[in-house]
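> sequence plus the predicted model coming up.
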Amino acid sequence: MFLKNLTVGSFQANCYIAAGDGETDCAVIDPGDELERIQEELETDGLRCRCIFLTHGHRDHSGRAADLASATGAALYVHEKDLPIAEKTGVSQAEQLRTYRDGEEIAVGSLRFLVLETPGHTPGSVSLLCGDCLFTGDTLFRNSCGRTDLPGGDRRRELLSLRRLGELPGDYAVYPGHMRTTTMERERQFNLPMLQALGRD
């Protein structure tokens, strides 16, 4: 897989560009800011954006999604429960807007993205599993997890979502919405037990 990480905007959110090896069709995950930079990277790498995936609706992840969809004609995916949040950035006006749900698999070239509902940070937060890569948005970070004190946040659901990710079979490279990449095995060992313990307080 070809995978590029761009850290964009004042909140330093991670935007990912993913394509099959040697392919030109790609997906862009969480284009929250710096549209021109994202477009330049696509042009430099000879890639065509076919799908835009939002892990959740917050502005730092969805801010330029509608603009990118308009510029490229790409389908724009968001969970329906996060549409009220993403409306603030014009996502609901995108011509190719689509909603996805748990268990749905979306093909981009040879890549297959499996949608996992992981609510808690927002009602419609999702993680995306593609091969041995797991894009977790603001659900799971290295040594941490997404905050739940914003409107729509739910601590209990966040902990259940973290448990779900932790129980996935095998190891994965984890690409979070902020900060450094990690692995699922590392988070199972050093992070998730601590978070689950906090949930029992």
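It's in.
> in the longest helix seen in the chain, what counts as buried?
Once the chain is assigned using DSSP state H, the helix that runs over the most residues is helix 155-166. Within helix 155-166, the residues that count as buried by 16 or more other Cβ atoms under 10 Å are 157, 158, 159, 161, 162, 165, 166. C-beta coordinates here come from the backbone N, C-alpha and C atoms, glycine included.
> do the same with stretch 68-88
Neighbour-count burial for stretch 68-88, counted by 16+ other Cβ under 10 Å, picks out 68-69, 72, 74-79, 81-82, 85-86.
> out of these, which two sit at the greatest distance?
Across the buried residues of stretch 68-88, the longest distance by Cβ to Cβ is 25.4 Å; it joins 72 and 81.
> helices of the chain, start to end?
Here the chain has its helices, by DSSP H, at 35-44, 59-62, 65-72, 83-86, 155-166, 184-190, 192-199.
> would you single out the least confident of those helices?
Least confidently modelled of the helices of the chain is helix 192-199, at a mean of 77 by mean pLDDT.
> quick one: distance of that one to the chain centre.
Centre-to-centre, helix 192-199 and its host chain are 23 Å apart (Cα atoms, centre = their mean, to the nearest Å).
> name the residue closest to the centre of this structure, please.
residue 55 (3.3 Å; Cα atoms, centre = their mean).
> I'd say that one and residue 124 touch.
No - taking Cβ atoms under 8 Å as the definition, residue 55 is not a contact partner of residue 124, at 9.4 Å.
> by contact count, what packs against the lowest-mean-pLDDT helix or strand in the chain?
In the chain, the helix or strand scored least confidently by mean pLDDT, DSSP states H and E is helix 192-199, which has a mean of 77. Using 3 or more Cβ pairs under 8 Å, 6 or more residues apart in numbering; DSSP states H and E, the elements in contact with helix 192-199 are helix 155-166.
> repeat that for 10 Å
With contacts defined as 3 or more Cβ pairs under 10 Å, 6 or more residues apart in numbering; DSSP states H and E, the packing partners of helix 192-199 are strand 144-145, helix 155-166, helix 184-190.
> distance to residue 10 for the ones you listed - can I get that in JSON lines?
What follows is the helices and strands packed on helix 192-199, written out as JSON lines (distance: least, Cβ to Cβ, whole Å):
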{"stretch": "strand 144-145", "distance to residue 10": "20"}
{"stretch": "helix 155-166", "distance to residue 10": "24"}
{"stretch": "helix 184-190", "distance to residue 10": "27"}
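> for residue 1, which of the ones you listed is the nearest?
Closest approach to residue 1 among those (Cβ to Cβ): helix 184-190, 16.8 Å.
> outside of that closest one, which residues touch it?
With contacts defined as Cβ atoms under 10 Å, 6 or more residues apart in numbering, helix 184-190 is touched by 132, 134, 136, 140-145, 162, 165-174, 176, 182-183, 191-193, 195.
> so what's the nearest residue to residue 54 once chain neighbours are set aside bridging to?
Distances taken as Cβ to Cβ, 6 or more residues apart in numbering put residue 78 closest to residue 54, at 4.3 Å, once the chain neighbours are dropped. When bridges are called by DSSP bridges, residue 78 pairs up with residue 99.
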